[in-house]
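J.: here is a sequence with its predicted model. Questions after.
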Amino acid sequence: MPLIHSTDPDFRVCQISFGTLLAIQLEAERRGWATRWSSVDALRSQVRDSAAVLQSLMREERGGAVWAYRCLVLFSAADGKEAGGIATIDLDPATFESLERLDRDPDARKAFARMFSLASGGISMVSKK
């Protein structure tokens, strides 16, 4: 799966509703994709019912066409013990194309890419010295 860079045409950052995330999960289950939560119940147990932010990360190509997009999803944790979480989930290309973009400005694209890079590497609250 080739990585998607912030300069690629299919780099995309979108805010999605909890309902949209559930629909993406159900589609991934239907297609038998491994990059998803194990079930809708598992998703509900980890993700708070609120908006999430999604960023394209990789594309899977088959026969010269995109088969799926692997995306990072940044979400609020359901249990309240942690501020949030980040996970990967696969999306159907038609669903991916239908999502409203937040990243149209080149500077915003760079900022979003950096934010997701930091989030996927792990973020901790630190005390200032």
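T.: Sure thing, it's come through.
J.: so for the top helix by length along the chain, mean pLDDT?
T.: Longest helix of the chain, by residue count under DSSP state H: helix 106-121. For helix 106-121, the mean per-residue pLDDT is 90.
J.: list the buried residues for that helix?
T.: By neighbour count with 16 or more other C-beta atoms under 10 Å, helix 106-121 contains the buried residues 109, 112-113, 116, 119. Heads up, the C-betas are built off the backbone N, CA and C, glycines and all.
J.: ok, stretch 74-82 next?
T.: Result for stretch 74-82 [16+ other C-beta under 10 Å]: buried residues 74-76, 78.
J.: secondary structure and distance to Glu61 added to those residues, as TSV?
T.: Formatted as TSV, these follow (DSSP: H, G, I helix; E, B strand; the rest coil; distance: C-beta to C-beta, whole Å):
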residue	secondary structure	distance to Glu61
Leu74	strand	25
Phe75	strand	27
Ser76	strand	32
Ala78	coil	34
